[in-house]
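[1] generate coordinates for the sequence data below:
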Amino acid sequence: MFQSYPDVVNVTQMCDMLGGISTKTAYKLLQANRIQHFKIGRAYKIPKVQIIAYLQSIINPQQVSRFDALMH
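    Numbering: from 1, shown residues only. A predicted model of the protein is given here:
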């Protein structure tokens, strides 16, 4: 899944991965901590696995706890 994307993406790439959402929506998701991320200076960096985890949480919320357990 998302093999053509790097392991850590920027906001524009995240928008593409999430079906072309707007950057405004993407920043809202990040600021609400719906997708785990980090910042380097003013730039948001989003690990690809966190986007996949977010998508899984939308599709099947019960699987998220198992995925989080694997990630930590």
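[2] so how far is residue 53 from residue 59?
    Distance, residue 59 to residue 53, using Cβ to Cβ, to the nearest Å: 11 Å. C-beta coordinates here come from the backbone N, C-alpha and C atoms, glycine included.
[3] for this structure, give me the ranges with low pLDDT.
    For the chain, the stretches flagged by pLDDT under 70 are 61-72.
[4] now do the contacts for the one residue sitting closest to the centre of it.
    With distances taken as Cα atoms, centre = their mean, residue 51 lies nearest the centre of the chain, 2.6 Å away. Residues near residue 51 by Cβ atoms under 8 Å, 6 or more residues apart in numbering: 2, 9, 14, 17-18, 35.
[5] redo that, cut-off 6 Å
    residue 17 (Cβ atoms under 6 Å, 6 or more residues apart in numbering).
[6] picking that back up, higher neighbour count, residue 59 and residue 53?
    More neighbours surround residue 53 than the other of residue 59 and residue 53, with 18 against 9 (other Cβ atoms under 10 Å).
[7] can you point out the helix or strand that includes the more buried one?
    Assessed by DSSP states H and E, residue 53 sits inside helix 48-59.
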